[in-house]
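Engineer: here are the coordinates; sequence isn't available:
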């Protein structure tokens, strides 16, 4: 498990005085500023973040040391990470996406399906992108209790019970 959890990203500049557009990935979107200072994925940059207001699909914010539109534009696409010990403990059956990536995926009969490559959410349920053991293909698996009845973090294993036709033959 990684010590850093992605909690948001910089979507670009907002205005001409260094304000930024921020997308929050937190359950409580405004909580992103509670984890400040945030860091870059490699841990080499710190971002002291303060939210200014709500805007379409996120927040406007200030980051200490970002004073111009050009500086803000240069940070577009930067993912923002919090240290695991800054974040609240999760209840049972909830996971940080980063903890699921790399888990082995097997079916209910024990056959190897593949490995979790990423976790996405496009508005409905979370989707696991599973890199199939049979080759370079991937499959999208809804991350629901009925399809993924078992998540064993100790064994680094997901057991899936996919409906007919979900996985390629």
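Structural biologist: Nice, thanks for sending it over. Note that the coordinates shown come from a computational prediction; the quantities given were computed from them, not determined experimentally.
Engineer: what's the closest non-adjacent residue to residue 4?
Structural biologist: In this structure, residue 4 finds its nearest non-sequential neighbour in residue 81, 4.1 Å apart by Cβ to Cβ, 6 or more residues apart in numbering. Yep, even glycine has a C-beta here, placed from its N, CA and C like the rest.
Engineer: oh, that last question was meant for residue 66, not what I typed.
Structural biologist: Closest residue to residue 66 apart from its sequence neighbours, by Cβ to Cβ, 6+ apart: residue 18 at 4.5 Å.
Engineer: and that neighbour, what pLDDT?
Structural biologist: Predicted confidence (pLDDT) for residue 18: 94.
Engineer: tell me which residues touch it, please.
Structural biologist: 62-63, 66-69, 71-72 (Cβ atoms under 8 Å, 6 or more residues apart in numbering).
Engineer: again, but for residue 152
Structural biologist: Residues near residue 152 by Cβ under 8 Å, 6+ apart: 158-159.
Engineer: ok, now how distant is it from residue 99?
Structural biologist: Applying Cβ to Cβ, to the nearest Å, the value for residue 152 to residue 99 is 12 Å.
Engineer: which residues are in contact with both of the two?
Structural biologist: With Cβ under 8 Å, 6+ apart, residue 152 and residue 99 have no common neighbours.
Engineer: just checking, next helix/strand downstream of the helix or strand of the chain with the lowest mean pLDDT?
Structural biologist: One helix or strand of the chain scores below all others by mean pLDDT, DSSP states H and E: helix 97-100, with a mean of 87. Later in the chain than helix 97-100, the nearest helix or strand by DSSP states H and E is strand 104-107.
Engineer: same for that next one, what does it pack against?
Structural biologist: For strand 104-107, the packing partners by 3 or more Cβ pairs under 8 Å, 6 or more residues apart in numbering; DSSP states H and E come out as strand 112-121, strand 157-160.
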